[in-house]
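1. Based on what follows, work out the 3D shape:
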Amino acid sequence: MSITENLNQIKSEIPDYVDLVAVSKTKPAGDIQEAYDAGQRLFGENKARETEDKYDELPKDIAWHFIGHLQRNKVKYIAPFVELIHSLDSPRLAKEINKRAKNEERSIKCLLQLHISGEETKFGFDREEALEFLSSEKFSNMKNIEIAGAMGMALHTDDATILRKQFTELRKFYEELKSEFPAAKHLSMGMTNDYQVAIDEGSNMIRLGSSIFGERHYD
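-> Next up is the predicted model:
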């Protein structure tokens, strides 16, 4: 099936309230343009310089989401235009995003990345760290960051029981977050292998790549 057919199929199967982020990392501009022509506007990238290049080349009404681990020294490349950063995973990164957003005279929306899978190698806050950060004086002085919700990645497993437990954990944190930050409207959880379970557990934003564009090719 083509990119257009894949998009139409997925959109017909997910609820209207779920935002679909097309994960276009490693994909050429032509593939993104085809998805754009099919009506897709949200695209997810995980390399700052590649995102900057695609921003320059492609239509300006694309909403670029940064979905991977973001190094602090790369924030400057996406700060002028990024729509949403899914991976705010530390106070130090928040400080850099805020600084770069201030330089651009804009506010940048971010999702708090929560560590829900139990894998020590994963980035993100745990619940206590996140709440401590949000209640800190340092955060209260960050006027150019908007907390727009939460994001998390479950274990890569076919065991729906494990997935549901991890997604439920994130949804509970999100509900807690939303009570303090009413603008936190995005719960980003669910990828190609688990997005149906994620939606069942309350996700309203999913990140799909291979099911839209086909398998990724690396250099």
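
2. and the spatially most central residue of the chain, which of the three is it?
-> The centroid of the chain falls nearest to His86 when counting by Cα atoms, centre = their mean (3.2 Å). At His86 the chain is in strand, as set by DSSP: H, G, I helix; E, B strand; the rest coil.

3. residue boundaries of the strands in the chain?
-> Per DSSP state E, the chain carries strands over the ranges 19-23, 42-45, 63-66, 84-88, 108-114, 145-152, 186-188, 205-208.

4. Redo those strands as a markdown table? Include mean pLDDT and distance to Glu13.
-> Every residue, glycine included, has its C-beta placed from N, CA and C. What follows is the strands of the chain, written out as a markdown table (pLDDT from 0 to 100; distance: least, Cβ to Cβ, whole Å):
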| stretch | mean pLDDT | distance to Glu13 |
| --- | --- | --- |
| strand 19-23 | 98 | 10 |
| strand 42-45 | 98 | 17 |
| strand 63-66 | 98 | 21 |
| strand 84-88 | 98 | 22 |
| strand 108-114 | 97 | 24 |
| strand 145-152 | 97 | 22 |
| strand 186-188 | 98 | 18 |
| strand 205-208 | 98 | 11 |
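
5. Would you convert those strands into JSON lines that also reports distance to Met1?
-> Formatted as JSON lines, the strands of the chain follow (distance: least, Cβ to Cβ, whole Å):
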{"stretch": "strand 19-23", "distance to Met1": "15"}
{"stretch": "strand 42-45", "distance to Met1": "19"}
{"stretch": "strand 63-66", "distance to Met1": "24"}
{"stretch": "strand 84-88", "distance to Met1": "27"}
{"stretch": "strand 108-114", "distance to Met1": "30"}
{"stretch": "strand 145-152", "distance to Met1": "28"}
{"stretch": "strand 186-188", "distance to Met1": "25"}
{"stretch": "strand 205-208", "distance to Met1": "14"}
